[in-house]
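Participant: Predicted model and sequence below, questions to follow.
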Amino acid sequence: MAQITMIKAITDAIRTELKNNENVLVFGEDVGVNGGVFRATEGLQNEFGEERVFDTPLAESGIGGLAIGLGLTGFRPVIEIQFFGFVYEAMDSLNGQLARMRYRYGGRWTAPVTIRAPFGGGVHTPEFHSDSLEGLLSQQPGLKVVIPSTPYDAKGLLISAIRDNDPVVFLEHMKLYRSFRQEVPEEDYTIEIGKADVKREGTDLSIITYGAMVHESIKAADELSKEGISAEVVDLRTISPLDMDTIIASVEKTGRCIVVQEAQKQAGIGAHVVAEINERAILSLESPVLRVSAPDTVYAFTEAEKIWLPNDKDVFETAKKVMNF
Amino acid sequence: MKIESVNTVVNAKKQFDEIAQQFETFRILNEEGIVINEDAMPDLTGEQLKELMRRMVYTRILDERSISLNRQGRLGFYAPTAGQEASQIASQFALEKEDFILPGYRDVPQIIWHGLPLYQAFLFSRGHYHGNQMPEGVNCLAPQIIIGAQYIQATGVALGLKKRGKNSVAIAYTGDGGASQGDFYEGMNFAGAFKAPAIFVVQNNRYAISTPVEKQSAAATIAQKAIAVGIAGVQVDGMDPLAVYAAVRDARERAIKGEGPTLIETLTYRYGPHTMSGDDPTRYRTKEIDNVWYEVDPLVRFRKFLEAKDLWNEEEEKKVIEQAKEDIKAAILKADQYPKQKVTDLIKNMYEKMPINLQEQYEIYKEKESK
């Protein structure tokens, strides 16, 4: 097995499905000749031709609408929104139209579309590029939202997303693209959408998280273990629908929980996770469930992002509060 | 696009041929700096012509230095401008101080020449909100990141200026890529419907990052998109500062007279990468294409024109270059000395009155920032 980065794992997944299914089409801004601004589609146009991997004019709404139409003619579009902050331009295509295709037509027409987009902070982008807008899509019934935290998960989940007969939003944290390598099988494999993964086992406290914050949470858990606190880190992987079984099993085991997200407190999926825990497992709790998040401002301009973004220390401190409750 | 079909209902060939004839490129100076369109020559004094050249030379140096400062990590986000000086600088030169500029992210030079202090432009690059705090009387918006979003906003500004009875216009800039975005059509269509005094400049630098203009639209020109919304449109040689100046000046006069907006397509080229954040133009352009454009460089052309009039020489040019270098050095120092922005500053900037969630968070971040 090869050690590869998350960006390579993503390319690998798309290539796998382009090979497996002739109906898979890949399009978006600069995904063809240029191979994507992050090279996620590097080499794919050469390998599969311009009919299947192509550049579109610059219009996110157009890309979303085109995907709906191609889906209606039996294709399986894998589209790229160049940066997730540009998704506002495509909100009608995605939340408005794509999400309701199956419902509107009683299953007669569906939308087997995968929407890929880079997002996430800490890489000094200009405005919009780093925004964590996953909450906006998660609040839309009809869409699934997947956010991998490792190369292995990214490949298996992206293959599942492309094979899914309903629309899946697949969000790729930019900081994770090339930050580390992991063994990833060359053959195709899938990871079920809607299944969380316990990334680190523990008995005293559950840390429910996703995306880049999985790694901050693991760092915090390592620090906590030095103080004799055994923290479990649950990587949601899919934030809509939530894997309630894994979340509740962990919370019932530990009796204490914090939810960690990079998004602002009023955004993301954290509040929904807390509400589900309260409804299903409140009697197992020894302490209120607390949240770690960014503050409720627009994503910080580059110079201030370091303090704005939640980190391992914030996770550590909040975990201590819950432990000492 | 070649259309041959001649049907009884739609004679597509005739339609497209007639459109193409309407949008021949407007030029005043040829590549040798010789005036080929005397009738259209703008009424500019020798001193004004020199000032336009100074600004273009200055801006070329600013671009070179910005690229180098970016590489040293002393600047943040930067989109190179070399090659586009005639389109950018001459179009701004045709404005009046009270006109509003709504720039795209590459259009920092225009707002600098409209009054944004250089150190603030550097702070913008670094992602400091003070870079966007326009001084009183500087009618510029921050460089827009969402492609095309400034187009419809420009129409709003223009309509506002009209309702207030001002004799001024709003000018919006985007690239060829922006002409594909829905906002582009909406902005122009609204402006046409309301006869808003807006000028829409598309700097057609041939590539939307990597996608060539031929792959972005079936239309032979971007200028002709004006027809669909019933406004004036013109295609201009965007490497010819006098043509760009004359086209914007003309659009401005008509706008103020109440004749509505104009779409101006300038044919230009960016010599550098899309931005300094990892774009590699050799993946989508060849050296041969680059060379074609270097040969029609706006500075070379205008320099020849001015030298023939005895308005410019090497010494003048050196003086500007030295001045630019000095200003840049001072501005970067001033940017360094400006207080770092804090999360608490950003929290304060969210609402007029701080809501309870932010009041609580303000205290938390104040504490964090004091450590």
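Facilitator: Noted; the coordinates are in hand. Here the structure is a predicted model, which is why all the values come from computation and not from measurement.

Participant: What residue in chain B comes nearest to chain A?
Facilitator: Residue nearest to chain A within chain B (Cβ to the nearest Cβ): B:Gly127, separated by 2.8 Å. C-beta here means a position set from N, CA and C on the backbone, and glycine is covered the same way.

Participant: wait, isn't that residue in contact with A:Tyr299?
Facilitator: No. Taking contacts as Cβ atoms under 8 Å, B:Gly127 lies outside contact range of A:Tyr299: 10.2 Å.

Participant: Which residue of those two possesses the greater neighbour count?
Facilitator: A:Tyr299 (26 against 20; other Cβ atoms under 10 Å in any protein chain shown).

Participant: Quick one: the strands in the stretch 51-200 of chain B, in order.
Facilitator: Here the stretch 51-200 of chain B has its strands, by DSSP state E, counting those that start in this stretch, at B:100-102, B:170-175, B:198-204.

Participant: neighbouring strands for the second one, and are they parallel or not?
Facilitator: Right, strand B:170-175. Using DSSP bridges, strand B:170-175 pairs in its sheet with strand B:100-102 (parallel), strand B:198-204 (parallel).

Participant: which other residues reach it?
Facilitator: Residues outside strand B:170-175 that contact it (Cβ atoms under 8 Å, 6 or more residues apart in numbering or on different chains): B:88, B:91, B:95, B:99-104, B:106-107, B:110, B:147-148, B:150-151, B:153-155, B:157-158, B:161, B:181, B:184, B:187, B:196-205, B:208, B:248.

Participant: 7 Å instead, please
Facilitator: B:95, B:99-104, B:106-107, B:110, B:147-148, B:150-151, B:154, B:157-158, B:161, B:184, B:187, B:197-203, B:205, B:208 (Cβ atoms under 7 Å, 6 or more residues apart in numbering or on different chains).

Participant: Also the shortest one?
Facilitator: Contact partners of strand B:100-102, identified using Cβ under 7 Å, 6+ apart, comprise B:110-111, B:114, B:139-141, B:144, B:150, B:153-154, B:157, B:170-172.

Participant: how far away is the nearest residue to the residue of chain B closest to chain A once chain neighbours are set aside from A:Leu309?
Facilitator: The shortest distance from B:Gly127 to any non-neighbouring residue, by Cβ to Cβ, 6 or more residues apart in numbering or on different chains, is to A:Thr302 (2.8 Å). According to Cβ to Cβ, to the nearest Å, A:Thr302 and A:Leu309 sit 11 Å apart.

Participant: One more: B:Ile171?
Facilitator: 37 Å.

Participant: before we move on, back to that, any chance of JSON lines for the strands of the stretch 51-200 of chain B, columns distance to A:Thr41, mean pLDDT and mean neighbour count?
Facilitator: Below are those laid out as JSON lines (distance: least, Cβ to Cβ, whole Å; pLDDT from 0 to 100; neighbours: other Cβ atoms under 10 Å in any protein chain shown):
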{"stretch": "strand B:100-102", "distance to A:Thr41": "33", "mean pLDDT": "98", "mean neighbour count": "28"}
{"stretch": "strand B:170-175", "distance to A:Thr41": "22", "mean pLDDT": "98", "mean neighbour count": "31"}
{"stretch": "strand B:198-204", "distance to A:Thr41": "26", "mean pLDDT": "98", "mean neighbour count": "31"}
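
Participant: and the longest strand seen in chain A, how far out from the chain's middle?
Facilitator: Looking across chain A with DSSP state E, the single longest strand is strand A:257-264. Counting by Cα atoms, centre = their mean, to the nearest Å, strand A:257-264 is centred 14 Å from the centre of its parent chain.

Participant: pLDDT at residue 286, what is it?
Facilitator: No chain was given, so I picked chain A. At A:Glu286, the pLDDT value in this model is 97.

Participant: My question was about chain B, not that one.
Facilitator: 96.

Participant: That one: neighbouring residues, count only.
Facilitator: 10.

Participant: And for A:Asn324?
Facilitator: Around A:Asn324 there are 7 residues (other Cβ under 10 Å).

Participant: same deal with A:Gly121?
Facilitator: Quick note: A:Gly121 (other Cβ under 10 Å) scores 25 neighbours.

Participant: Surely A:Leu171 is in a helix?
Facilitator: No. Judged by DSSP: H, G, I helix; E, B strand; the rest coil, A:Leu171 forms no part of a helix; its state is strand.

Participant: So it sits against A:Val87, correct?
Facilitator: No. If you go by Cβ atoms under 7 Å, A:Leu171 and A:Val87 don't touch, sitting 9.9 Å apart.

Participant: list residues touching both of those two?
Facilitator: Joint contacts of A:Leu171 and A:Val87 (Cβ under 7 Å, 6+ apart) are A:Ala117.

Participant: State whether B:Glu322 is indeed within a helix.
Facilitator: Yes. Under three-state DSSP, B:Glu322 falls within a helix.

Participant: ok, it - contacts?
Facilitator: Contacts of B:Glu322 (Cβ under 7 Å, 6+ apart): none.

Participant: how much space between it and B:Thr59?
Facilitator: Applying Cβ to Cβ to B:Glu322 and B:Thr59 gives a distance of 15 Å.

Participant: And for A:His272?
Facilitator: In terms of Cβ to Cβ, A:His272 sits 50 Å off from B:Thr59.

Participant: ok, now B:Glu288?
Facilitator: For B:Glu288 relative to B:Thr59 (Cβ to Cβ), the value is 26 Å.

Participant: Over to B:His130?
Facilitator: For B:His130 relative to B:Thr59 (Cβ to Cβ), the value is 22 Å.

Participant: More neighbours: the two, which one.
Facilitator: B:Thr59 (23 against 17).

Participant: I'd like to know how many residues surround the nearest residue to that one once chain neighbours are set aside.
Facilitator: What sits nearest to B:Thr59 in space, not counting adjacent residues and going by Cβ to Cβ, 6+ apart, is B:Pro109, at 4.7 Å. For B:Pro109, the count of nearby residues is 25 (other Cβ under 10 Å).
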